[in-house]
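Visitor: any chance you could fold what I've pasted below:
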Amino acid sequence: MELKEEFIYIYKSNIKREGSEELLKWMESTDFFIAPASTKYHCACKAGLVKHSINVYKTFIEKHFNKDVDNLESVTICSLLHDLCKAQFYKISFRNVKNESTGIWEQMPFYTVEDSFPYGHGEKSVFLIERFMRLKTSEAMAIRWHMGGFDDAAKSGGFSISIAFDKYPLAVQLHMSDLEATYLKEKGTSEVKK
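Guide: Residues are numbered from 1 along each chain as shown. Next up is the predicted model:
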């Protein structure tokens, strides 16, 4: 199954909330299904963003999902949509790189950031989702703080992330799933040389 088909299958199987179909249609009108997940680190490749989203979902289900406590729709929403902010976020540029085997300089593609809506990371994903579909407070908190200590607000010394993690286990579970997918499952998935 292709990544886009797998994403849509998981999405439609688990998310039945009002507005979910409209959100998916909007996503299909963007570059979400072909965009990279980063400029040069994990999944810096075509369809890297959708691959990462699926990996976060699978990691959550395999490692952090408790069927007696957790809501599958909430887990699916958070896992698949936490990086929605990266749709329409990257662009392809070119730079000259010397081919080591031939000694010839060649133009190589790489990704750059073109943030036309600089609204933050997690909060931008929450904003984009809520244009179509209402989130539960726990879902909004999980998506907002999925970057954990890598979030700019956390790095500046704010305490909001600690409060969110303390009040909403879903936020911790999503952060852990995102970390594991990024640094373990997706290690070496960049097609762009650093």
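
Visitor: would you map the helices across the protein?
Guide: Here the chain has its helices, by DSSP state H, at 3-14, 20-28, 48-59, 72-81, 122-130, 137-144, 152-155, 160-167, 169-180.

Visitor: between those helices, which gets nearest to residue 108?
Guide: helix 48-59 (16.6 Å; CB to CB). (C-beta placed from N, C-alpha, C; glycine too.)

Visitor: list the buried ones in that closest one?
Guide: Of the residues in helix 48-59, those buried by neighbour count under the rule 16 or more other CB atoms under 10 Å are 48, 49, 50, 51, 52, 53, 54, 55, 56, 57, 58, 59.

Visitor: centre of the chain versus it, how much separation?
Guide: Its chain's C-alpha centre and that of helix 48-59 lie 7 Å apart, by CA atoms, centre = their mean, to the nearest Å.

Visitor: which strands or helices does it pack on?
Guide: In terms of contacts (3 or more CB pairs under 8 Å, 6 or more residues apart in numbering; DSSP states H and E), helix 48-59 is packed against helix 3-14, helix 72-81, helix 169-180.

Visitor: can I get the last one as PDB, trimmed to CA atoms?
Guide: By that I understand helix 169-180. This file holds the C-alpha atoms of helix 169-180, laid out as PDB (Å, rounded to 0.1, in the frame of the first residue of the first chain):
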ATOM      1  CA  PRO A 169      -1.000  12.000  29.500                       C
ATOM      2  CA  LEU A 170      -1.800  12.100  25.700                       C
ATOM      3  CA  ALA A 171       0.700  14.900  25.300                       C
ATOM      4  CA  VAL A 172       3.500  12.800  26.900                       C
ATOM      5  CA  GLN A 173       2.500   9.800  24.900                       C
ATOM      6  CA  LEU A 174       2.500  11.700  21.600                       C
ATOM      7  CA  HIS A 175       5.900  13.400  22.400                       C
ATOM      8  CA  MET A 176       7.400  10.000  23.200                       C
ATOM      9  CA  SER A 177       6.000   8.500  20.000                       C
ATOM     10  CA  ASP A 178       7.300  11.400  17.900                       C
ATOM     11  CA  LEU A 179      10.800  11.100  19.500                       C
ATOM     12  CA  GLU A 180      11.000   7.400  18.900                       C
END
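
Visitor: who are the packing partners of it?
Guide: Using 3+ CB pairs under 8 Å, 6+ apart: helix 169-180 touches helix 48-59, helix 72-81, helix 137-144, helix 160-167.

Visitor: mind checking these for the one nearest to residue 186?
Guide: Using CB to CB, the nearest of the helices and strands packed on helix 169-180 to residue 186 is helix 48-59, at 6.3 Å.

Visitor: brilliant, that's me finished.
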